[in-house]
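> can you look at this prediction? I've put the sequence above it.
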Amino acid sequence: MSEPTRAAAPAGAAPAPATDTGGTDGGAATPPGDRRWHEAFARIVSGGWAVSLGAVVLAILAGSVMIAFTDEAVQESAGYFFARPADTFAAIGQAVGGAYAALFRGAVWNYEADSFAAAVRPLTQSLTYATPLIAAGLGVAVAFRAGMFNIGGQGQLLVSAAAAGWVGFAFDLPVGLHLVVAVVVGILAGALWAGIAGLLKAATGAHEVIVTIMLNYIAFYLLSYLLATPGLLQAPGSANPKTPAMAETAVMPGLLGDRYNLHVGFLLVLGAVVLVWWLLNRSSLGFGFRALGENAHAARVAGIDVRRTTVLAMGVAGALVGLAGTTQVLGLITTGFGADIDAGVGFDAITVALLGGSSPVGVLLAGILFGAFKAGGSSMQALEGVPIEIVLVVQSLIVLFIAAPPLVRAVFRLPQPGGRARRRPGRGATGTPTSQEVAA
Amino acid sequence: MKLELRGITKRFGALVANDHIDLTVEPGQIHCLLGENGAGKSTLMNVLYGLYQADEGEILLDGREQHFAGPGDAMAAGIGMVHQHFMLIPVFTVAENVMLGHEQTRAGGRLDLDAARSRVREIADRFGFHVDPDALVEDLPVGVQQRVEIIKALSRDARVLVFDEPTAVLTPQETDELMAIMRQLKESGAAIVFITHKLREVREVADRITVVRRGAVVGEASPTASDAELASLMVGRAVELTVQKDDAVPAGRGLEVRNLEVTDARGTVLVDDVSFEVRGGEILVVAGVQGNGQTELAEALAGLAEHVRGSVRLDGDELVGRNVRQVLDAGVGFVPEDRNEDGLVGTFSVADNLVLNRTDGPPFVRSGALQLRARDAFAREKVEEFDIRTQGIDTPVGRLSGGNQQKVVLARELSRELRLLVAAQPTRGVDVGSIEFIHKRIVETRDAGVPVVVVSTELDEAVALGDRILVMYRGRVVGIVPATTPRDQLGLMMAGIAPGTEGEAA
Amino acid sequence: MTATLAPTPEDVVQHRTVTVVSRKAPIALGVVTALFALLLLLAARAGDATFRLASEGDLVALPDVTVPGTATAWVCVALGAAGTAVAALLVARGRRVPLWLSLVLAVVLLFGFLAWAAAGSAGDIPVTRLVGGSVLLAVPIVFGALGGVVGERAGVVNIAIEGQLLAGAFCAAVAGTVTGSPWAGLLAAVVAGVLVSLVLGVFAITYRVNQVIVGVVLNVLVIGLTSFLYSQVLVPNAETLNATTRFSRIAIPLLADIPVVGPALFNQSVVVYLMYLAVPAIWFALARTRWGLRLRAVGEHPKAADTVGIKVGRTRYLALVVAGAIAGVGGAFYTVVSVSSFGKEMTAGAGFIALAAVIFGKWDPVRAALAALLFGFASNLEGALSIVGAPVPSQFMLMLPYVVTIFAVAGLVGRSRAPAASGQPYVKE
């Protein structure tokens, strides 16, 4: 027999340098090119809770540094640092402590409120902000699992918002039915918009990253046009690029009454989490998605229609982002919306999916965390004058650190996960390596 | 230059890939490193070439100890390597590949391509090659690419040359030419390490032979040793290359292939007007040197080729024009050549891989939902039946050894109602024990009345397993002959010389 | 016997070949021509279209060119249809459609479109400004694309071009204001671009994190950082930190006096001239120098490069540093050439367009620069059309570059081949 062509080399190459996470053993047996998505996610998932926590701590520390450095009181007291260093530290403590206290008060529990109803309001607000993030994050995650990078969340969200919004204000339908129709139309619109990218990839091989980025811009300008044109989406009698308010019948009812913004959309999104979990782990369609994402060649040989699965995966991804779009216009901002309705959700969804390791439950938790950041960030800006963009910085740092566990481990001196033994691929049940495994 | 390796030890985690290996290669000598797949030969050479760092031991050149931090150091010390997988950049020209890493430049930092060109010509002329320095490497046939590798090594004035499994991709004739080149190099005083697992080649050129098994030197042999002696040293027990099987009892229509033509996206005709038939209960081995269209033929039979013309009929049903799913449903079992790339999803569990191509309906999928219980029961049964060594059915298949991975593929394919089995290189990269098992199961499938097509580049396997042998060369059928055909004639056929025409060619 | 069987050189062709051609070009041309014809049918316009070729201060003032709008447009449609037919015929005969045919038809259809848009308008189409504006709009895209090409040829996908541009713009604004010298701003932008590159390198090369993910996250990080610092630091101190001196225009004698294109191309700031130099310089460096050869080797087949003693990681880092520096210059354009202060997210997606230009230009510096110019032109067209009061909503004109990119990626480009190891971390045993 000749030496195995591709199988042997990585097997011998398997003992990865100490920087490896060790959680990607399976991947070592196949060429890195087709494995790279999987490895990236395996890396994120395999980091474990310690790494995730470490990443969050590091990111928040970095955020603190930025807040401290840009705080005027800190700068002032730093001017006479050597005379009275304590002043500087006090100022830093005040700036950072104040900012994070405001974040907490805005995101979780307002301990200064005089009633339970007011104190718990921030938490509901976080969940409200989390609603579209979770849905869109699921959309990105599903595409990830099928081996595609859906950067088109923004476009899909805008298109679905436009479609759902149009049904929401322009039609006159009975209570209940109106909402259902609006939601379904919004979801379909998102699916179709993402489907374009899937279709082009399947038919011509056009890279979905490029196509979805371009579709973001096209969607934005399309919506801008629709909003600026009387008779289309523009509110009658107005010169602003904004739609009229949604009809009462199309608005998602509040979950906790009128005092809170949390609406039925949150339940829909929880349902979507369960549905996506089932889809990915228990359905044959999801099996096809995952097979395609992990090894497209093997999927094709196994009779899975790669083109059809590609289009379907993008379609499902778009539908989930579409759900996010409908909750934006029918749940959160029901008084009419403009071209900024996506509120950065489309891009945040990518970080949510990455942080959530592309698993439905992970996305749920990551979405809630980011929702809390968003709610808390607003309160931080309002109360302490810390620009909300600090949240972007902290969020992106979290993902960066989580994607590179060796870095976090080095900082916190965490142990490498798994023993050396786990790192060996191809170990049989007996534990005795066969001669193949020694091959290089 | 004299090369000495003393007590080289290289560990990968708990595994010892090289265990205190000693090796001395004198100038003007061809030293064969003989060993089975995975015996640790390539690891040793990668240590020598600075790609790996040895955990213990030392490398000496002309008695001086060397410390190689990388291939650059090894090259500077005079070691050249002809890699098993050519280390050439496909989109570069021959001259660019040869100059890469030690480029000469002219004023303004411009590359001196003329110098590189003349260097290529000069070395090529010395050995009587014909290599165009301006040809793109990807356009060159494999044999010529190998010569570029040799030129690359020589252009750096290598005095120790390592050939790592150089004949795997060559026709018997190209192999002979390579042997001639190696002798010529030897006469010019180079020390040559020749890594192989092919006994015939060893006896033809070796001055000394060192046999490696499981990472350790198990003995030295003289070039006059018999095949059986060398083989038992290599494998550690007497190997039986024959496969126990009765004569074929062909029955039924089976597979009929007519004027099959497969082209790739660039328009290269990879399978050119191929016709043959295989009846039920018969094994046809498609033999030939790697890259002569056998892979594409197998893929076309499995419905995987994009541009196909001609006809493939299975029991009278046309398969050309059907998609992969439909071909699978027609009862075609397919063992792909590269199981990691095409046969398995490495991160999926053993159980998921056992049902990989059966997730379109009962019993493993009902109303769109996976039937996990049915899957697990099936997986446990198959793990038992095929003796798949795994910690459990939930273990990612990527963690299994090559032989066990291949058993997963085979178990999946043989568990379906088959009307045709196509197995491409079913025993590549598989340990000896698994090879016997796989051969046995293939013969059993034949005996159950299924037509079987096996693609193999190994003459030994072709002769042992096949009832008839179809030899392909440059996409065309050279001939279809009984498996009892003499080896030298099969060798000629692999070089494109049809049976009965040797006289004309000579 | 074997000796006589030695293959001779003409024996080396392995397989017979047949010609395969892509049907994409005629389909794409046909679709575009048909869409244009449909536009003419649905929105007919009467009157003449005027193209103004002269600009103030020309030595030789060219007269305006006036053509009947709709008729000209239909002639162009006819030409487009004829071209499509030729392309289809070529494909049917099994021959490739030459790139120049597609390009010529694109220009013809564009001319027709302008003629239609300007038909009957009191305003005329200022060709000089159209060209000059295109070049200006294209400058950051060209630099970004060049940076992208250098990175990808070395095997590192750089989605973070947007981040590099933005970081460059920010640092140029601050450094330029503090020192009062645009040169210092330019230098700071280079440093900023390199820093972003190094972060990308640490994660993508050293820690082997998926490059696309790092790139996307880096963009968010830079947007967050610059926006945060802008709100927190620059806005309160706008005069001391965010009011740069800009580079002034330098007219190149003689060249600047060429009719139509002269003022547009040769009466520009130093950054634009830097661009003229950078494109051929990068091409030369990649194609003709040792550095370029090694860089490409690392991007195509890192292991092969490693076996001849090239340090893969170091080569990739160096490439990223150069790429970051180039992209940084593009970023500086925003704050030391275009306007004199930094604004939140002022690059507005130019980095993503640059990424598209890299792919559109098939990873070749010259082609990528041309693609970037095309995008600049498409963005600029909107302004020109609003002058003549064209009946095309401005949003659709703004959309055009993105639509063009999708067409290009899906159709016209054909089978483009990325550097083989692009996006893959190199794992040395």
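That came through, no problem. Residues are numbered from 1 along each chain as shown, chains lettered A, B, ... in the order given.
> the residue lying closest to C:S197 once chain neighbours are set aside: which element?
Residue nearest to C:S197 in three dimensions, not counting chain neighbours: C:G324, with 2.9 Å by CB to CB, 6 or more residues apart in numbering or on different chains. From N, CA and C alone the C-beta is placed, and that goes for glycine too. Applying DSSP states H and E as the criterion places C:G324 in helix C:312-333.
> buried residues of that helix, list them for me.
C:312-313, C:315-333 (16 or more other CB atoms under 10 Å in any protein chain shown).
> burial of residue 115, as a residue count?
You didn't pick a chain, so chain A it is. 9 (other CB atoms under 10 Å in any protein chain shown).
> let's do chain C instead
There are 25 residues near C:A115, going by other CB under 10 Å.
> now it, what are its backbone angles?
With angles defined as degrees, to the nearest 10, C:A115 sits at phi -60, psi -40.
> is the helix or strand A:I210 falls within in proximity to chain C?
Using DSSP H and E, A:I210 falls within helix A:208-228. Yes - judged by CB under 8 Å from any CB of the partner chain, helix A:208-228 and chain C are in contact via A:209-211, A:213-215, A:217-218, A:221-222, A:224-225, A:228.
> just the pLDDT at C:I353, thanks.
Among the per-residue scores, C:I353 holds a pLDDT of 86.
> give me the neighbour count for it.
A count of nearby residues for C:I353, using other CB under 10 Å, gives 32.
> could you do C:S340 as well?
The number of residues packed near C:S340 is 17, by other CB under 10 Å.
> same check, this time on the one 3 residues further on
Neighbouring residues of C:G343 were enumerated by other CB under 10 Å; the total is 18.
> am I right that it is in a strand?
No - C:G343: not assigned to a strand; according to DSSP: H, G, I helix; E, B strand; the rest coil it is coil.
> for chain C, give the residue positioned nearest to chain A.
C:G224 (2.9 Å; CB to the nearest CB).
> what's the domain layout of chain A?
Split into domains by automatic domain parsing, chain A comes to A:34-107+A:386-419, A:127-278+A:307-385.
> among those, which is the most enclosed?
Among the domains of chain A, domain A:127-278+A:307-385 has the highest mean neighbour count (mean count of other CB atoms under 10 Å in any protein chain shown), at a mean of 23.
> average pLDDT for that domain?
91.
> let's see the pLDDT reported for residue 405.
You didn't pick a chain, so chain A it is. 73.
> sorry, should have said chain B
pLDDT, read off for B:Q405, is 92.
> repeat that for B:F276.
At B:F276, the predicted lDDT confidence score is 95.
> you'd agree it is in a helix?
No - judged by three-state DSSP, B:F276 forms no part of a helix; its state is strand.
> now the residues of helix A:208-228 next to chain C as a markdown table including distance to A:V142?
What follows is these, written out as a markdown table (distance: CB to CB, whole Å):
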| residue | distance to A:V142 |
| --- | --- |
| A:V209 | 16 |
| A:I210 | 20 |
| A:V211 | 17 |
| A:I213 | 19 |
| A:M214 | 21 |
| A:L215 | 17 |
| A:Y217 | 23 |
| A:I218 | 22 |
| A:Y221 | 27 |
| A:L222 | 24 |
| A:S224 | 28 |
| A:Y225 | 30 |
| A:A228 | 33 |
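> any chance of those in TSV, plus distance to chain B?
Formatted as TSV, those follow (distance: CB to the nearest CB, whole Å):
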residue	distance to chain B
A:V209	22
A:I210	21
A:V211	21
A:I213	27
A:M214	25
A:L215	27
A:Y217	31
A:I218	30
A:Y221	36
A:L222	34
A:S224	40
A:Y225	40
A:A228	44
